[in-house]
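In: when you get a sec, could you give me coordinates for this:
(4 chains)
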Number of protein chains: 2
Amino acid sequence: MTKQPPTRPRGEAMRRHILETALRLFSGAGYFNTSIHDIRREAGVSIGAIYHHFGNKELLARALYDDLLQRMDGDIQRAIASGEGTRAQCLAVIKKLFTLTEEQPATMSFILLAKHREFLSDHPSICSSQPFMAMRGVLERGMAQDEVRAMDPWVAATAMFGGALRMMNLALDGALESPLESYLQEVAECGWRAVKA
Amino acid sequence: MTKQPPTRPRGEAMRRHILETALRLFSGAGYFNTSIHDIRREAGVSIGAIYHHFGNKELLARALYDDLLQRMDGDIQRAIASGEGTRAQCLAVIKKLFTLTEEQPATMSFILLAKHREFLSDHPSICSSQPFMAMRGVLERGMAQDEVRAMDPWVAATAMFGGALRMMNLALDGALESPLESYLQEVAECGWRAVKA
DNA sequence: GTCTATAATCCGATAGAC
DNA sequence: GTCTATCGGATTATAGAC
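Out: Down below sits the predicted model:
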C-alpha cells in the first residue's frame, strides 16, 4: 500500500490525459477556437505541464494527429488482414470505419474534417497517409487478380470507399436518421458494384 | 469624359473586390490564419471599408460562403437541366464539378474543405445545402423511374457522387498527376455502376 | 463611404519557484 | 515535472476626421 493512485495523472499518464482533452476540445470547437488555456482548464493541469510535454500548441496537435492516425492505421491493417479476397477486405474496412465513426466520433471528426494544412504545416496530406494508402493497395491487388476492373488506382479507391467516407461525414454532421451501421451493406454493395470486374 | 474609371473600386465594386481578396486568402492560408489586416493590405483598402460593408470578420466569411454556394447552386441546376435521364444528368453534374475544381480551385477549396462550423456558427451543414440536395434529388427521381436501384436516398447520392468528390479533394491536395477532367469518364462510369438498376 | 489611429482583449509562450 | 505569474505581440473592433 505504499503506492496511492494519484488524484491527477503524472508523467506519461498526464501526457495521455492532455492528448485526450485536446482531442475533445479540438474536435468540438476546432483547433483555432481552442486555446491553450482552455485545455489547461478542462484537463485540470497547468500551462507548464502542457509546454513541458509538447513544446507548443502546434506540436501538441501534431502529436495528437500522429497518434490517432497510427491507431487508425493498425485498425485498417487488421481489417484488411481479416478478409479473404478484395470484396471481403473492402467490406471489413468499411465496417471498421463505420464502427470507429460511431464509437469515437471525436477521433474520426478530427482526422477527417480538420484542415490539417492549416496547422500541420509540412505534414503530408491525409490522402497519402498510411491507412488511405493501404485502402488503395487493396484495390490495386484486386486489379492484379482481375477481381477489379482495370482502371486508375486512385479512381478505383475513391469509387470503392468514396461513398462510405461521405456517409461518415453525413453521420458526423448529424444528417442521418439511422445509425451508420444500418447502411453498411448497401454502401459496401454500391462500392463493390462500382469497381468489380 | 466626366467619369474617370477610379483607380480603386468604390461602393458595390469594392464589396466584390473585398470578397474576392478574402476568398483568395481564406482558401490559401485558411480563415483563422488570415487577419483583417491581411485582407486590408492585400486588397489595398482600409479597415473601415471592410467593417462598413460586412460588420465583422465572421459576417464577411458568411457573406462569401453564401455568395459562392449560390453561384455553385446555379451551376449545378443548369448542369442537371442540360441532361436527359439520370445517367446523363449525373455525368453533367460531375463534369461541372470537375471543371469548377480546375478553374476555380480557391472557390471549391473554400466550399469543400473549410470547416464552416468553426466560423459559421448556426449555418446548416454543407450536406443540406441547395446544390447537394439537388444532387440527391436527381437520384431520387432516378429511383422513381426505376433507372436507379431502390435504396436509401443518402446512400444513392453518396455512392454516385462520393467518388467524384474524393477525386476533387485529391486534385485540390495536388495528389493527382493528370488533370481532373481526364478521369471524368472513369469516375462517372463507376458512380453509375454503383447505383444503376 | 472611406480613411487613420487607437482602444480593448486575448493568446501563445516564457521565467522562475518548488 | 509541475506549478503560478507575467510578458510581448497580434488581433478584432471602434472612434472620429474627411
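
In: can you give me how far the top helix by length along chain A is from the chain middle?
Out: In chain A, assigned by DSSP state H, the helix with the most residues is helix A:57-81. Remark: helix A:57-81 is offset 7 Å from the chain centroid, using Cα atoms, centre = their mean, to the nearest Å.

In: can you list the residues that contact it?
Out: With contact meaning Cβ atoms under 8 Å, 6 or more residues apart in numbering or on different chains, helix A:57-81 is reached by A:18-19, A:22-23, A:26, A:31, A:36, A:39, A:50, A:54, A:89, A:92-93, A:95-97, A:100, A:107, A:110-111, A:114, A:116, A:119-121, A:123, A:129-131, A:134-135, A:138. Glycine gets a C-beta too; all of them are placed from N, C-alpha and C.

In: which parts of chain A sit against DNA strand D?
Out: Residues of chain A found near DNA strand D (Cβ under 7 Å from any atom of the strand) are A:R8, A:R10, A:G11, A:M14, A:V45, A:S46, A:I47, A:G48, A:A49, A:H52, A:H53.

In: surely the fifth one touches A:R15?
Out: No. A:V45 is not in contact with A:R15 according to Cβ atoms under 8 Å; the separation is 10.2 Å.

In: and the two? Which one has more around it.
Out: Neighbours around A:V45 and A:R15, counted as other Cβ atoms under 10 Å in any protein chain shown, are more numerous at A:V45. The numbers are 20 against 17.

In: assign the more buried one to helix, strand or coil.
Out: Following DSSP: H, G, I helix; E, B strand; the rest coil, the label given to A:V45 is coil.

In: how close does it sit to B:F132?
Out: Separation of A:V45 from B:F132 (Cβ to Cβ, to the nearest Å): 42 Å.

In: ok so, going back, among the contacts of helix A:57-81, which ones lie close to chain B?
Out: Counting by Cβ under 8 Å from any Cβ of the partner chain, A:Y31, A:A114 from the contacts of helix A:57-81 sit close to chain B.

In: for DNA strand D, what's its nearest residue on chain A.
Out: Chain A approaches DNA strand D most closely through A:G48 (2.1 Å), counting by Cβ to the nearest atom of the strand.

In: and the helix or strand containing that residue, C-alpha only, in CSV?
Out: Here A:G48, judged by DSSP states H and E, is contained in helix A:47-54. This file holds the C-alpha atoms of helix A:47-54, laid out as CSV (Å, rounded to 0.1, in the frame of the first residue of the first chain):
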residue,chain,number,x,y,z
ILE,A,47,0.2,25.6,-18.7
GLY,A,48,3.7,24.5,-17.7
ALA,A,49,2.8,20.8,-17.9
ILE,A,50,1.4,21.2,-21.4
TYR,A,51,4.5,23.1,-22.7
HIS,A,52,6.8,20.6,-20.9
HIS,A,53,5.2,17.6,-22.7
PHE,A,54,4.6,19.1,-26.2
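
In: return the set of buried residues in it.
Out: A:A49, A:I50, A:H53, A:F54 (16 or more other Cβ atoms under 10 Å in any protein chain shown).

In: next up, the contacts around the third one.
Out: Which is A:H53. Contact analysis of A:H53 by Cβ under 8 Å, 6+ apart lists A:M14, A:R15, A:I18.

In: for the last one, same thing?
Out: Neighbour list for A:F54: A:I18, A:L60, A:A63 [criterion: Cβ under 8 Å, 6+ apart].

In: quick one: contacts of stretch A:150-163?
Out: With Cβ under 8 Å, 6+ apart, stretch A:150-163 has contacts from A:90, A:93-94, A:132, A:135-136, A:139-140, A:142-143, A:148-149, A:187, A:190-192, A:194-195, B:155, B:158-159, B:162-167, B:170, B:175-176, B:183, B:186-187, B:190-191, B:194.

In: just the buried ones from these?
Out: Using 16+ other Cβ under 10 Å as the burial test, those include A:90, A:93-94, A:132, A:135-136, A:139, A:142-143, A:148-149, A:187, A:190-192, A:194-195, B:155, B:158-159, B:162-167, B:170, B:175-176, B:183, B:186-187, B:190-191, B:194 as buried.
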